[in-house]
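A.B. asks: With the input below, show me the fold.
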Amino acid sequence: MSDSFDYFVILAEMRTGSNFLEENVNSYPGLKCWGEVFNPAFIGKARKNELLGVSIADRERDPNGLLDKLIAETDGLAGFRFFHDHDPRILDRVLKDRTCAKIILTRNPLESYVSRKIAGATGQWRLGDLKDARSAQVRFDKAEFTEMLDEVKAFQIHLQRRLQTSGQTAFYINYEDIQDIEVVNGLARYLGVTEERNKTNTKTKVQNPSSLKDKVVNYDEMVADLASVDHFNLSNTPNFEPRRGPAVPTYVAAADAPLLYQPVRSGPTKVVKAWMAALDGVGVEDLRSGFTQKSLRNWKRNAKQHRSFTVISHPVVRLHRAFCRHILSTGPECYNEIRETLRTTYSLPIPAGEVTADNYSKAQHRAAFIGFAGFIKGNLNGQTSIRVDGAWASQSEVIKGFAEFSLPDMVLREETLVRDLAWLAEAARVKKAPAPESLSADQPFALNDIYDNDVEKAVKAAYQRDYMIFGLKPYA
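C.D. replies: Numbering: from 1, shown residues only. Alright, predicted model coming up:
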């Protein structure tokens, strides 16, 4: 037996051939797969409520206890089959445990879907002999198939990531491979068994060997529906942007009102803070800030019926604001080193020193902003040596970072801030909420002075995910 593993798990799904694989594994000396040990409906096999003296209720209280018992009382290497909807507590344990051998069984998801539909229609989930075979034609349902496909893909991606990040690997086997004795012998060797077999176990028979055309009533409709399924994620927008943390110290709470603001940088932060202060008739300096995760938990416990919120801006508006504030201006908020690098290394057409009417025109500003947007596209995709600063990080990535600790209740929009803050105040049961102040124009030129289709294209190229996730239209 293997010195590397104490037990094994077959990570599969319904109708992927896991019963067939289990029978083949169990034909080798020293290997014992106990079935779906952590299926919420039964233990091991259908209609079984107990295994090794452990009941379903016992397993619910202590799933790890059952696994430990399984390992200890099996003569040889114990294993079990696990599907995506089985007890997640056990999945977390086995994926962490290097002494657990991982076997990942897959099958064409369409074949699995049709097989599951037929088994549901006939009531036959396993076939031992041709004379008992039941057959049926089923109807393909696009929504049902898509839901199943999403679940399977999510599970497979989760497994892959957990194994990658922990530096582990698995033995991958496909449905068709189970009938290849050389592959099955290879699996046995992976588990530490040196004895080989000459043929696969034939106790379980293939239930529906005919083509999909013979199994599916609405075959032509199915083919047409599958044409719209994005099998290769062609519509996916690649994302190489670094992940962001929850940024708890930047959160701001009202002095008395149960409101918590989670700012996205380069948004209308000053306007929102002023509005929050006006709610309670205090100054901006009286707002609560500098939270830690501990102090924020305490605030949430004490602020009854609290509401947390953030505000997103149109990417063109936000990036122009960030450009004027942190790159173009040489004032206190300027990123001087980044400014100089952009000017010299990336040939951004801005003056070396302070911007004046004599050395910087509207046309130069438009060209410089389009150039900056081009730089941001590369910066967010990890193609530059300059950090991805929070002032221009994707808003979707910033909010994803918030969600690691405190997901905002509401995502408001800068362009409808007057209406949205009124809704927010009502939700928090704040009476007589004031209207927010007007936003001040960027300097030295307002966005509307330079905006055109080329500006829109440059910004959209940098922030494709934000446009897609937030359903944004062109700024105009």
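A.B. asks: Can you pull up the most central residue in the chain?
C.D. replies: residue 154 (8.7 Å; C-alpha atoms, centre = their mean).
A.B. asks: Does residue 272 touch residue 312 like I think?
C.D. replies: No: contact criterion C-beta atoms under 8 Å: residue 272 and residue 312 do not qualify, at 12.0 Å. For every residue, glycine as well, the C-beta is placed using N, CA and C.
A.B. asks: for the stretch 151-300 of the chain, what spans make up the strands?
C.D. replies: 171-174, 252-253, 259-261 (DSSP state E, counting those that start in this stretch).
A.B. asks: what's the answer for the stretch 351-476 of the chain, then?
C.D. replies: 410-413.
A.B. asks: what's the residue lying closest to residue 76 once chain neighbours are set aside sitting at in phi/psi?
C.D. replies: In space, and not counting its chain neighbours, residue 76 is closest to residue 30: 3.6 Å by C-beta to C-beta, 6 or more residues apart in numbering. Main-chain dihedrals, residue 30, degrees, to the nearest 10: phi 90, psi 0.
A.B. asks: and if you look at the one 3 residues further on?
C.D. replies: With angles defined as degrees, to the nearest 10, residue 33 sits at phi -100, psi 130.
A.B. asks: burial measure for the residue nearest to residue 76, as a count.
C.D. replies: 16 (other C-beta atoms under 10 Å).
A.B. asks: Residue 468 now?
C.D. replies: If we define neighbours as other C-beta under 10 Å, then residue 468 has 13 of them.
A.B. asks: Need the per-residue pLDDT for it.
C.D. replies: Residue 468 carries a pLDDT value of 94.
A.B. asks: do you know how far it is from residue 389?
C.D. replies: 22 Å (C-beta to C-beta, to the nearest Å).
A.B. asks: Could you list the low-confidence segments of the protein?
C.D. replies: 1-2, 124-134, 202-210, 232-237 (pLDDT under 70).
A.B. asks: still on that earlier bit, list just the one of the strands of the stretch 151-300 of the chain that sits closest to residue 226.
C.D. replies: strand 171-174 (20.1 Å; C-beta to C-beta).
A.B. asks: Which residues does the closest one contact?
C.D. replies: 21, 101-107, 183, 186-187, 190 (C-beta atoms under 8 Å, 6 or more residues apart in numbering).
A.B. asks: Need the outlier residue of this structure, farthest from its centre.
C.D. replies: Quick read of the chain (C-alpha atoms, centre = their mean): farthest out is residue 358, 49.9 Å.
A.B. asks: And the contacts of strand 171-174, which of them are buried?
C.D. replies: Buried members of the contacts of strand 171-174, counted by 16 or more other C-beta atoms under 10 Å: 21, 101-107, 183, 187, 190.
A.B. asks: coming back round to it: how far away is the residue farthest from the centre of the chain from residue 344?
C.D. replies: For residue 358 relative to residue 344 (C-beta to C-beta), the value is 22 Å.
A.B. asks: How far does stretch 460-476 sit from its chain's centre?
C.D. replies: 20 Å (C-alpha atoms, centre = their mean, to the nearest Å).
A.B. asks: what's the first-to-last distance across it?
C.D. replies: 13 Å (C-alpha to C-alpha, to the nearest Å).
A.B. asks: Output the contacting helices and strands for the helix or strand where residue 57 lies.
C.D. replies: Residue 57 belongs to helix 56-61 when assigned by DSSP states H and E. With contacts taken as 3 or more C-beta pairs under 8 Å, 6 or more residues apart in numbering; DSSP states H and E, helix 56-61 sits against helix 63-73.
A.B. asks: how many other residues sit next to the closest residue in space to residue 396 that isn't next to it in sequence?
C.D. replies: Among residues not flanking residue 396 along the chain, residue 469 sits closest, at 4.6 Å (C-beta to C-beta, 6+ apart). Neighbour count for residue 469, taken as other C-beta under 10 Å: 17.
A.B. asks: what's the answer for residue 316, then?
C.D. replies: Neighbour tally, residue 316, other C-beta under 10 Å: 22.
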